[in-house]
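**Student:** Pasting a predicted model and its sequence here:
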Amino acid sequence: MTQPIIEIINLVTYYDSRKILDGINLQIYPGETVTILGRSGCGKSTLLRHIVGLSHPTDGQILIKGSDITRLNEEQRLPTLKKIGMLFQSSALFNSMTVGDNVALPLREHTHLEEPTIQIMTRMKLDQVGLSGFEDFMPAQLSGGMKKRAALARAIAMDPDILFCDEPSAGLDPIVAVGIDQLIMKLKKAFKMTIVVVTHELASVFQIADRVALMDKGKIIAIGTPDDFKNSDNETISQFFNRIPDPENIDKQEYLNSLIGNSK
Ligand SMILES: Nc1ncnc2c1ncn2[C@@H]1O[C@H](COP(=O)(O)OP(=O)(O)OP(=O)(O)O)[C@@H](O)[C@H]1O
Ligand SMILES: [Mg+2]
């Protein structure tokens, strides 16, 4: 049987006394695309940051290709982490650097490639995300969708085996959002990457996911194919998939409407 490329076992995280992750268990297999759904604040970005080694869980294990990165020091984990790319929720481009330098940064930091090779690779990555010719632009000169694509080019600069995308299409218009989904599908097909995408977009889930994991209050409460989810009669799942607002939020909305004189 295929071994998982990522295996998360009983992951627990506290920030001060607040429990943020409450025993996450998740297995991700090579070449699959998994989307993570869940309400704002349920811990999705925290989970991703742990897997890419940017923050440490309080307890539990994160096995990547069999080695537990929570037990390795920075130097020991570097070879594993170098093969993981991350597209951050905020794009996180360095605003004082050109788009080309942003994409080249991981290559300059983690490889001994000669500068002309780095320049060629940078242009290739920008080409893959449809940003040929933009290497000398500053991030501030790009639109939101272009920034996401530039950040995606940087995330794939090191030819990762595993790519994490934290809300890649949030805040983009639906057509640009579909473009980002298509780009993710292209990476999956062309490079057989294992891809984990946090998203709020149900259209994206059906477009790209082999499996969906639903998080709630620091736990993964369900995992299955998009069709499993669509047909589920579990209340939380169907609430998510059929967009039924919960009573707490309806009251809040009514309250807000009443403040602006919009009450029905
Ligand atoms: N560095 C930190 N220090 C303290 N608390 C944190 C930190 N990072 C996240 N949190 C808390 O952890 C919880 C989960 O945050 P996280 O960013 O993982 O949520 P999320 O599911 O990604 O939400 P969203 O959909 O809004 O992006 C929040 O309550 C947040 O306040
Ligand atoms: Mg988040």
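**Tutor:** Arrived safely. Ligands and ions are numbered 1, 2, ... in the order given.
**Student:** Quick check: beta-bridge partners of the residue nearest to the spatial centre of the chain?
**Tutor:** Taking Cα atoms, centre = their mean, the centroid of the chain lies closest to residue 165, which sits 2.3 Å from it. Beta-bridge partners recorded for residue 165 (DSSP bridges): residue 87, residue 197.
**Student:** got the contact list for it?
**Tutor:** 86-87, 152, 155, 184, 195-198 (Cβ atoms under 8 Å, 6 or more residues apart in numbering). Where you see a C-beta, it was placed from the backbone N, CA and C, and this is true even at glycine.
**Student:** same thing with residue 130?
**Tutor:** Contacts of residue 130 (Cβ under 8 Å, 6+ apart): 149, 179, 183.
**Student:** What separation do you get for the residue nearest to the centre of the chain and residue 233?
**Tutor:** According to Cβ to Cβ, to the nearest Å, residue 165 stands 30 Å off from residue 233.
**Student:** pretty sure residue 194 is touching residue 28, no?
**Tutor:** Yes. Residue 194 is in contact with residue 28 according to Cβ atoms under 8 Å; the separation is 6.2 Å.
**Student:** hey, what's in contact with both of these two?
**Tutor:** What both residue 194 and residue 28 touch, as defined by Cβ under 8 Å, 6+ apart, is the set 5-6.
**Student:** low pLDDT regions in the stretch 51-200 of the chain?
**Tutor:** Applying pLDDT under 70 to the stretch 51-200 of the chain flags no residue at all.
**Student:** which residues in it form strands?
**Tutor:** In the stretch 51-200 of the chain, the segments counted as strands under DSSP state E, counting those that start in this stretch are 59-64, 67-68, 84-87, 162-166, 194-198.
**Student:** Which elements pack onto the helix or strand that contains residue 12?
**Tutor:** In the assignment (DSSP states H and E), residue 12 maps to strand 6-15. Strand 6-15 sits against strand 18-28, helix 44-51, strand 59-64, with contacts defined as 3 or more Cβ pairs under 8 Å, 6 or more residues apart in numbering; DSSP states H and E.
**Student:** mind redoing it with 6 Å?
**Tutor:** If contacts are counted by 3 or more Cβ pairs under 6 Å, 6 or more residues apart in numbering; DSSP states H and E, strand 6-15 sits against strand 18-28, strand 59-64.
**Student:** and the angle from the last one to helix 44-51?
**Tutor:** On the basis of axes from the mean of the first three to the mean of the last three Cα atoms, to 10 degrees, strand 59-64 is oriented at 70 degrees to helix 44-51.
**Student:** mind listing what strand 59-64 pairs with, with the direction of each?
**Tutor:** When DSSP bridges is applied, strand 59-64 pairs with strand 6-15 (antiparallel), strand 67-68 (antiparallel).
**Student:** of all those, which lies closest to residue 101?
**Tutor:** Ranking the strands paired with strand 59-64 by proximity to residue 101 (Cβ to Cβ) places strand 6-15 first, at 30.3 Å.
**Student:** so where do the helices sit in this structure?
**Tutor:** 44-51, 74-81, 99-110, 115-128, 144-155, 174-191, 202-208, 226-230, 235-241, 247-259 (DSSP state H).
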